[in-house]
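Participant: I'd like to go over a predicted model; first the sequence, then the structure.
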Amino acid sequence: MRGIAASSLWLWALPVALSAGPFDGIYRQAANAECGLVGVDGGALEIRDNVFYGVESRCEMTRPVNVDRMDAVLYTLECTGDGGAWSERVMMMNAADSDDLFMIWDGYAFRYARCPEAQ
């Protein structure tokens, strides 16, 4: 009986795990960044299905906490990349006046412009 309950719980969580996150998209790291190049210097960063792809790094976006009365979520990023493995806390927030994304780290804040969707 316990196995059936555990299986049912897994099936209930599956659609949530496979759904797109609220910040999914490709974002320019700088005004002249190339949107077609993700994860490299001079390119873009991407968020897809609760995974953040940065410059030579990949971070699972875990432990989401909605920020009260803000269009923002606090995540723990579990990252791997060129420098090994590390964990960081980051708040992601949609800009009120555009499709831009704010990423706030301990002591740093960045605004990234959303790249146009491919036609």
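Facilitator: That came through, no problem.

Participant: quick one, helices of the protein?
Facilitator: According to DSSP state H, the chain carries its helices in the segments 2-18.

Participant: where does it dip in pLDDT?
Facilitator: By pLDDT under 70, the low-scoring segments of the chain are 1-20, 118-119.

Participant: 90 - rerun?
Facilitator: Residues of the chain meeting the criterion pLDDT under 90: 1-22, 29-31, 39-42, 55, 71, 82-83, 99, 116-119.

Participant: now the strands: where do they sit in it?
Facilitator: 25-28, 44-48, 51-54, 57-66, 72-81, 84-94, 101-105, 108-112 (DSSP state E).

Participant: now do the contacts for residue 39.
Facilitator: Going by CB atoms under 8 Å, 6 or more residues apart in numbering, residue 39 touches 45, 46, 53, 54, 55, 56, 57. From N, CA and C alone the C-beta is placed, and that goes for glycine too.

Participant: can you redo the strands of the chain as CSV with distance to residue 36 and mean neighbour count?
Facilitator: Listed next are the strands of the chain as CSV, based on distance: least, CB to CB, whole Å; neighbours: other CB atoms under 10 Å:
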stretch, distance to residue 36, mean neighbour count
strand 25-28, 9, 20
strand 44-48, 8, 20
strand 51-54, 13, 18
strand 57-66, 18, 15
strand 72-81, 21, 17
strand 84-94, 23, 15
strand 101-105, 18, 17
strand 108-112, 16, 13
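
Participant: would you turn those strands into TSV with distance to residue 35?
Facilitator: As requested, those are exported to TSV (distance: least, CB to CB, whole Å):
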stretch	distance to residue 35
strand 25-28	6
strand 44-48	5
strand 51-54	13
strand 57-66	18
strand 72-81	21
strand 84-94	19
strand 101-105	14
strand 108-112	11
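
Participant: nearest to residue 38, out of those strands?
Facilitator: Ranking the strands of the chain by proximity to residue 38 (CB to CB) places strand 44-48 first, at 4.7 Å.
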